[in-house]
Each structure stands twice: as C-alpha cells, then as structure tokens.
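*Asks:* take this sequence and fold it.
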Amino acid sequence: MVEKKAESAAVKPKAVKKAKAVKAVKDVKEAKVVKEAKTVKEVKDGKAKKQTHSLLIVHITDRVTDAPPVQEALSKFGDVIKTRIGLHEVGEEFSSPQGVLVLDIFGEAKAKQLQSAMSKISGVETKLVVFTH
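*Replies:* Sure, this is the predicted structure:
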C-alpha cells in the first residue's frame, strides 16, 4: 500500500507539469490570436477577424448646390465616420466650385450604404476603397 502511494505521488507531479505545459501552450496560442487581432473583441471562434479600412472618396461638382444634400447624408452616417477631410482649390479671389471629400468609415457595409446615398445626389460621384488585412 505504501508503494502505491509513493508511486501515485511520483506520477502526480508529472501529470500536473504536463497539464500546466498544455495550458501554457494553449495560452500562448490564444495570446497570439489576440495579439494579431489587437483587441479581444476582434477574436471570433479562436481566430482573429480580418480588419478593414474603408475609405469613401466623394467628388462634388457643384459645392454650392450639392452641399445641403451631401451634408444631410453625412449627418445621417455621422456615427460611423471616423475621419472627414474636405479638399478644394482656394485662391485670393476665388473658391473652386468643385471639391473632394475623403471619409474614413467604420465598417464596409456602412461605407457601401453611404456610397449609395451619396450616389443618388446629382453632381456627386463616389469611389469606395477597402483595404483588408
């Protein structure tokens, strides 16, 4: 009986070490997935979700006429617009009637919805660029 206790005591530390080693490997794998994803929220089913950057470029041919409906569409999607940059030619004596907006939008689906809304405005054309990594 004493031999069995000694035998099981000797086996137990090995089993514990093995279990800890397996857990450590699993933790390292999970940490790698989380590191790739940058945040835990981006981990789905043990895999890092691919990240996207959705840029919507909007060309406005007549800023004076098209500004109100463009602004209305931008306001409707304001909660998903991360960055908005407006570009147009300016001089001492003039301001160009044309302009370009560069929008960084959270989520490709929302970017497509905004693109659709903008495309319905006459004098406005759009291009959607999506980078996935």
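
*Asks:* stretch 90-107: end-to-end distance?
*Replies:* Stretch 90-107 has its terminal residues 32 Å apart, counting by C-alpha to C-alpha, to the nearest Å.

*Asks:* list the buried residues for it?
*Replies:* 99, 101, 103, 105 (16 or more other C-beta atoms under 10 Å). Quick note: C-beta positions are derived from backbone N, CA and C, even for glycine.

*Asks:* can you give me the helices for this protein?
*Replies:* Along the chain, counting by DSSP state H, helices occupy 2-37, 63-76, 108-119.

*Asks:* which of those comes out lowest on mean pLDDT?
*Replies:* Least confident of the helices of the chain, judged by mean pLDDT, is helix 2-37 with a mean of 57.

*Asks:* by pLDDT, give me the weakest of the buried residues of stretch 90-107.
*Replies:* Among the buried residues of stretch 90-107, Gly99 has the lowest pLDDT, at 92.

*Asks:* beta partners of it?
*Replies:* Ile60 (DSSP bridges).

*Asks:* wait, it sits on Ile60?
*Replies:* Yes: with contacts counted by C-beta atoms under 8 Å, Gly99 reaches Ile60, the gap being 4.8 Å.

*Asks:* Leu55 is in contact with Leu103, correct?
*Replies:* Yes: contact criterion C-beta under 8 Å: Leu103 and Leu55 qualify, at 6.8 Å.

*Asks:* got the contact list for Ser122?
*Replies:* Shown in contact with Ser122 (C-beta atoms under 8 Å, 6 or more residues apart in numbering): Asp66.

*Asks:* read off the pLDDT value for it.
*Replies:* 93.

*Asks:* and the pLDDT for Pro97?
*Replies:* For Pro97, pLDDT reads 87.

*Asks:* domains of this protein?
*Replies:* 2-48, 52-132 (automatic domain parsing).

*Asks:* one step back: what residues are shared contacts of Leu103 and Leu55?
*Replies:* Joint contacts of Leu103 and Leu55 (C-beta under 8 Å, 6+ apart) are Ala111.

*Asks:* surely Ala117 meets Lys76?
*Replies:* Yes: with contact defined as C-beta under 8 Å, Ala117 reaches Lys76; the gap is 7.0 Å.
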